[in-house]
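*Asks:* here is my input, please return the structure:
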Amino acid sequence: MEAAEKLHAEKNLAGFEELLAGKFGIELRKPEELTNGIHSVSGDAQAVNKTDAALPDWVWPESRSHYPRADRRWIIYAITRVFAWHASEDNSDSGLRLECQLPESSLLNFLIDAGHLTVSNLKSAFKNEVRDVDDIDIVLGESIPQLLVQVEPTFEFLLAYLYSTKLGEVELLTSVRLIMQSLELIQDPTKMAPKLLTFSSHELPTNGEDGEAGEYGEIGMELDRLEQEIQVTESYLGDQSSTRAKGLSVAFGKLGSCPPILTIRFLRQHYKPEEILSLIYVLRMELVKDGWTTRYLDTTRLDEAEDLEPPPDGSIRLIADLLCRCIDSVGPGGWLINDAIISAGTGDHFDGADFLASLKLEVSAALEGVQEAVFLRGIISEAARFGSSALAVTAYKPRKAGENKSLVSRDLKTRELKPIHSAESAMLPLGMKANNKISAEKIYSNGEVVTRSKREVGSHISKKVQAYSLERIVI
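*Replies:* Numbering: from 1, shown residues only. Modelled structure (predicted):
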């Protein structure tokens, strides 16, 4: 490391990066040579001094998994040269105790993209400086995403950091808050957006069929209002090319694997009530954006975006889990305090009961769709299983006397299965189960083939039916 220290002390960044690239197993792209024998960088610029020399161009692998294994000692050394730790926030220009010294260096890109920018590595790099800092894991976990956003306001570094690094709940929730702030989704509690779905018992008729029809009509109107309210935010979240939308998706996916207790604890200690409500609002929009609350016969959104990819099957479970954590983090006391703040600020009757009632309507709509999908999957799977069993039964060919068993088995393997076109095959049995057909012939021990009588066939059929049977029906 003496050679690297010497280059860094001389401020020869080109030589410093070239040396570390070799230590990390990264190839460098050679500068293009012009016809006059001079490189693409002008000779006058190279002759000024070594500080102004062009930085080497690193050749990045096609996938993050293709990065070669690097010595951790060099990783820690690189972190100490790219970043700096200040004893207090007042000594830093950025307002953070962690500061980036080489924001335009390829070394920073390598540390982010290769997944080396973890809290444990930073603690090892600045072990003497952070020894007396309380809750250093939380301090570093909050500082890293904020610093990456300051260095790269387009959130490209933050997205690569979320993709490549093994993160905890502190880094993930801090990244989510930064993205929400950039999208202006965190609002003042006294100016919160109106509830997505309103539900009041006195607004709906309560007698007979008119009451039921009015209730469904009110829910339908509120769902339409919900879709109108999320159009502005959906322009950010629905765009698959948006860096911030991808960052939210990656952060939510990794946050689901974090322990719920630690997630709830961090939300209670470091999130403001309006930030938690805004996070719930974003999760509700994700629920609508993925189509989990869309009506079954509504094809409007599908016609508008034909190339829209369907959400993964596990997204509904992830969103529900995160919603539960957010609601638990607020707690009963938090809902009551928030009601008092909002009522004192605006005078509107927007309380926690209305908020939870509207959330309940959305979750009920999503749950109804999931139950219908599970029911249809059970019916289709049973029908497909019956078809496979029926084809296997019709393809069965009894072995004749004197026929070689190996030839029969080989013939069964090569036999082409043809579909059944009889009238009886169109009707599925009540139990959705295809019984094995009783052979019309039987073979004695001496090899004689005898035709079974109808009485004998009926006896075999009756023996197959048990007096009491228990079958499992999967729905």
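*Asks:* regarding the chain, what is its longest helix?
*Replies:* Counting residues, the longest helix found in the chain (DSSP state H) is helix 352-394.
*Asks:* state the mean pLDDT of it.
*Replies:* Averaging pLDDT along helix 352-394 gives 79.
*Asks:* which residue lies closest in space to residue 84, excluding its sequence neighbours?
*Replies:* Spatially, and ignoring its direct neighbours in sequence, residue 84 is nearest to residue 99 (4.8 Å; CB to CB, 6 or more residues apart in numbering). In this view, the C-beta of every residue, glycine as well, is placed from N, C-alpha and C.
*Asks:* who's in contact with the closest residue to residue 440 other than its chain neighbours?
*Replies:* Spatially, and ignoring its direct neighbours in sequence, residue 440 is nearest to residue 452 (5.8 Å; CB to CB, 6+ apart). By CB atoms under 8 Å, 6 or more residues apart in numbering, residue 452 lies in contact with 438-442, 460.
*Asks:* closest to residue 292 among these?
*Replies:* residue 438 (49.2 Å; CB to CB).
*Asks:* quick revisit: confirm that the residue nearest to residue 84 sits in a strand.
*Replies:* Yes: counting by DSSP: H, G, I helix; E, B strand; the rest coil, residue 99 falls inside a strand.
*Asks:* distance of it from residue 252?
*Replies:* As judged by CB to CB, to the nearest Å, residue 99 and residue 252 stand 29 Å apart.
*Asks:* how many neighbouring residues does residue 134 have?
*Replies:* Neighbour count of residue 134, defined by other CB atoms under 10 Å: 6.
*Asks:* in three-state terms, label it for me.
*Replies:* coil.
*Asks:* just the strands in this protein please.
*Replies:* 28-29, 57-58, 83-85, 98-100, 441-443, 449-451 (DSSP state E).
*Asks:* need those in a markdown table with mean pLDDT, can you?
*Replies:* Below are the strands of the chain laid out as a markdown table (pLDDT from 0 to 100):
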| stretch | mean pLDDT |
| --- | --- |
| strand 28-29 | 82 |
| strand 57-58 | 84 |
| strand 83-85 | 89 |
| strand 98-100 | 87 |
| strand 441-443 | 81 |
| strand 449-451 | 83 |
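*Asks:* neighbours around residue 8, how many?
*Replies:* Counted with other CB under 10 Å, residue 8 comes out at 18.
*Asks:* same question for residue 153.
*Replies:* 11.
*Asks:* and the residue nearest to residue 359 when sequence neighbours are not counted, how far from residue 391?
*Replies:* Nearest non-adjacent residue to residue 359, counting by CB to CB, 6+ apart: residue 284, 6.8 Å away. Per CB to CB, residue 284 is found 47 Å from residue 391.
*Asks:* same deal with residue 75?
*Replies:* 59 Å.
*Asks:* these two - which one has more neighbours?
*Replies:* Using other CB under 10 Å as the criterion, residue 75 and residue 391 rank with residue 75 on top: 21 against 14.
*Asks:* my guess is that one meets residue 121, correct?
*Replies:* Yes: judged on CB atoms under 8 Å, residue 75 makes contact with residue 121 at a distance of 6.3 Å.
*Asks:* burial of the residue nearest to residue 359, as a residue count?
*Replies:* 21.
*Asks:* same question, residue 285
*Replies:* 20.
*Asks:* any idea how far it is from residue 112?
*Replies:* For residue 285 relative to residue 112 (CB to CB), the value is 29 Å.
*Asks:* next: residue 3.
*Replies:* Residue 3 is 25 Å from residue 112, by CB to CB.
*Asks:* when the two are compared, which one has more neighbours?
*Replies:* Ranked by neighbour count (other CB under 10 Å), residue 3 and residue 112 place residue 112 first, with 24 against 10.
*Asks:* so what's the more buried one up against?
*Replies:* Taking CB under 8 Å, 6+ apart, one finds 148, 157, 160-161, 164-165 in contact with residue 112.
*Asks:* now do it against residue 254, distance only.
*Replies:* From residue 112 to residue 254 the distance is 16 Å (CB to CB).
*Asks:* report the two of the contacts of residue 452 separated the most.
*Replies:* 441 and 460 (12.3 Å).
*Asks:* for residue 3, which non-adjacent residue is closest in space?
*Replies:* residue 19 (6.4 Å).
*Asks:* does that neighbour touch residue 4 like I think?
*Replies:* Yes: taking contacts as CB under 8 Å, residue 19 lies within contact range of residue 4: 5.4 Å.
*Asks:* before we move on, back to that, farthest-apart pair in the contacts of residue 112, please.
*Replies:* Across the contacts of residue 112 (CB to CB), the longest gap, 12.1 Å, separates 148 and 164.
*Asks:* so which of the two has more stuff around it?
*Replies:* When residue 148 and residue 164 are compared on other CB under 10 Å, the one with more neighbours turns out to be residue 148, at 24 against 18.
*Asks:* quick one: the more buried one and residue 159 touch, right?
*Replies:* No: Residue 148 is beyond contact range of residue 159, at 9.4 Å (criterion: CB under 8 Å).
*Asks:* in the stretch 151-300 of the chain, which spans are helices?
*Replies:* For the stretch 151-300 of the chain, the helices defined by DSSP state H, counting those that start in this stretch cover 156-164, 169-182, 208-229, 231-237, 243-255, 260-270, 273-289, 300-304.
*Asks:* any low-confidence regions in the stretch 1-150 of the chain?
*Replies:* Residue ranges of the stretch 1-150 of the chain with pLDDT under 70: 31-53, 88-95.
*Asks:* where along it do the helices fall?
*Replies:* According to DSSP H, counting those that start in this stretch, the helices that the stretch 1-150 of the chain contains are 2-9, 13-23, 43-48, 72-82, 106-113, 119-125, 136-151.
*Asks:* which strands or helices does the last one pack on?
*Replies:* If I follow you right, that is helix 136-151. On a contact count with 3 or more CB pairs under 8 Å, 6 or more residues apart in numbering; DSSP states H and E, helix 136-151 meets strand 98-100, helix 119-125, helix 156-164, helix 169-182, helix 260-270.
*Asks:* can you add distance to residue 60 and give those back as CSV?
*Replies:* Below are these laid out as CSV (distance: least, CB to CB, whole Å):
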stretch, distance to residue 60
strand 98-100, 20
helix 119-125, 20
helix 156-164, 11
helix 169-182, 23
helix 260-270, 33
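*Asks:* and residue 327, which of these is closest to it?
*Replies:* The nearest among the helices and strands packed on helix 136-151, by CB to CB, is helix 260-270 at 9.6 Å.
*Asks:* would you mind giving the domain segments of the protein?
*Replies:* 2-59, 188-373, 395-464 (automatic domain parsing).
*Asks:* what's the burial count for residue 67?
*Replies:* Neighbour number of residue 67 under other CB under 10 Å is 18.
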